[in-house]
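Undergrad: I need the structure of the sequence given here:
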Amino acid sequence: MNNIHYAFGPESVFIYDVTHNKPIVITNDRINYNAIIDAIKVGDEELVRSLLDENQVVNNVTNGRVTVHGDTVSLDGNKLHSAEAQKLIDLLSEGATDVDRWFRFIERLHANPSYNCRQQAYNFIAHSGMPMTKDGKLIGYKGVRDDYKDKYSGKFSNHVGAVLEMQRSGVDDNPDNGCSSGFHVGSHDYANSWAGDDGKLMVVEYCPSDIVSVPNECDYGKLRVCRYTVIAEHESRTKLNDGAFEHNSKWRADLYNLFNWLDTRIHGHDGFVTYTDVKQAFPKISMHDIKKAIEDYSEYNLDCKFDHHSNDYEISFQSLPV
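TA: Predicted coordinates for the structure are as follows:
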């Protein structure tokens with residue numbers, strides 16, 4: 001790339017546009033960060049330039065349906081709530097180019113029969129750590145007893161695979177009532193605290209159209225729904241990454257095997273492993289999967305540096321701050 005010079009920082013990439021004599025810094029919280037790094041690695045100058053305009057990235061990946069003007073994000077000409085837009089940003093920040101799950105999420109949310117419920121829902125889904133499934137549903141958490149029964153009544157089992165459902169008309173839709181009728185789903189912080197040291201933290205899936213109310217307490221940390229499904233026991237109890245969520249058992253097994261492979265290679269060699277080596281062993285694994293495997297199955301974070309001599313990423317473990 002003759003007209004694009006670059007340098008990688010720990011959480012950013014510096015780009016100097018020779019043609020326009022313009023320095024640009026892209027931090028790792030920008031939606032185009034991962035895509036730009038990949039484009040730099042393959043030496044595609046034209047692609048790098050096209051990715052520098054975040055608004056154009058959003059427009060391209062949504063086939064023109066989503067536009068950005070200042071702080072306003074619109075879908076098909078209709079202004080989106082910031083919580084809705086953030087779910088799209090979460091996907092794009094992972095480097096996703098297929099955002100069909102986000103469109104399905106929007107469709108499901110807007111299919112909620114109550115305007116008030118939809119407005120309340122934004123307070124809850126704005127919490128972090130609640131990614132989207134492929135079919136547009138959302139992931140939440142449930143703190144339960146050691147025997148998987150709910151902590152409030154002890155009547156409902158929340159074992160993996162359980163589907164809990166009740167008539168929508170039986171769920172309290174008044175947000176001023178904290179503890180009331182209905183099945184509750186929590187944010188990570190709320191549910192993890194509710195589980196306590198003597199309970200378990202479960203990962204649950206719910207449909208935005210099944211949201212009935214979000215109580216005006218605990219920082220909007222819980223909502224009431226008429227239906228949810230328990231999909232996993234979250235043994236590490238860490239907050240899940242935002243963006244895309246895959247809950248099939250094979251994917252979870254692949255992440256577990258990936259972490260064990262990384263652990264062996266990193267601790268048994270030079271303290272790191274290259275991204276190329278990882279891709280040779282796990283061809284379908286992405287950098288996001290590597291990050292998730294490390295965070296879900298260890299007490300480490302991902303540490304990733306770009307080595308200019310080998311033109312490759314060096315992946316290692318970073319200890320969590322004490």
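Undergrad: after the helix or strand bottoming out on mean pLDDT in the chain, which helix or strand is next?
TA: Lowest on mean pLDDT, DSSP states H and E among the helices and strands of the chain sits helix 249-268, with a mean of 78. Next helix or strand after helix 249-268 toward the C-terminus (DSSP states H and E): strand 273-274.
Undergrad: show me what the next helix or strand after that next one packs onto, helices and strands only.
TA: Downstream of strand 273-274, the first helix or strand assigned by DSSP H and E is helix 275-281. Applying 3 or more CB pairs under 8 Å, 6 or more residues apart in numbering; DSSP states H and E, one finds that helix 275-281 makes contact with helix 249-268, strand 312-319. All C-beta atoms are positioned from the backbone trio N, CA, C, and that covers glycine.
Undergrad: mind putting these into CSV with mean neighbour count and distance to residue 91?
TA: Shown next, in CSV, are the helices and strands packed on helix 275-281 (neighbours: other CB atoms under 10 Å; distance: least, CB to CB, whole Å):
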stretch, mean neighbour count, distance to residue 91
helix 249-268, 15, 17
strand 312-319, 16, 22
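Undergrad: for the least confident helix or strand of the chain, which helices and strands make contact with it?
TA: strand 273-274, helix 275-281, helix 287-297, strand 312-319.
Undergrad: check which helices and strands the longest one is in contact with.
TA: Helices and strands touching helix 287-297, as assessed by 3+ CB pairs under 8 Å, 6+ apart, comprise helix 249-268, strand 300-307, strand 312-319.
Undergrad: turn the helices and strands packed on helix 275-281 into TSV, including distance to residue 279.
TA: Shown next, in TSV, are the helices and strands packed on helix 275-281 (distance: least, CB to CB, whole Å):
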stretch	distance to residue 279
helix 249-268	11
strand 312-319	10
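Undergrad: among those, which comes closest to residue 48?
TA: Nearest to residue 48, of all these, is strand 312-319, at 17.2 Å by CB to CB.
Undergrad: could you pull out the helices for this structure?
TA: Ranges of helices within the chain are 33-41, 45-51, 54-61, 82-93, 100-110, 115-125, 188-195, 249-268, 275-281, 287-297, based on DSSP state H.
Undergrad: lowest-confidence stretch among those helices?
TA: Mean pLDDT values for these show the minimum at helix 249-268, a mean of 78.
Undergrad: quick one, that helix and strand 312-319 angle?
TA: 90 degrees (axes from the mean of the first three to the mean of the last three CA atoms, to 10 degrees).
Undergrad: compare the helices of the chain and give me the one nearest residue 136.
TA: helix 100-110 (2.7 Å).
Undergrad: report the angle between the closest one and helix 54-61.
TA: Going by the same axes, to 10 degrees, helix 100-110 makes 90 degrees with helix 54-61.
Undergrad: which outside residues touch helix 100-110?
TA: Residues outside helix 100-110 that contact it (CB atoms under 8 Å, 6 or more residues apart in numbering) are 75, 84, 87-88, 91, 118, 121, 132-138, 207-209, 244.
Undergrad: tell me which of the helices and strands packed on helix 249-268 sits nearest to residue 172.
TA: Per CB to CB, nearest to residue 172 of these: helix 287-297, 34.4 Å.
Undergrad: now find how far off-centre that closest one is within its chain.
TA: 12 Å (CA atoms, centre = their mean, to the nearest Å).
Undergrad: picking that back up, of all the helices and strands packed on helix 249-268, which lies closest to residue 33?
TA: Using CB to CB, the nearest of those to residue 33 is helix 287-297, at 11.1 Å.
Undergrad: if we can go back for a sec, now do the least confident helix or strand of the chain against strand 300-307, angle only.
TA: 70 degrees.
Undergrad: next, the angle helix 287-297 makes with helix 249-268.
TA: 80 degrees.
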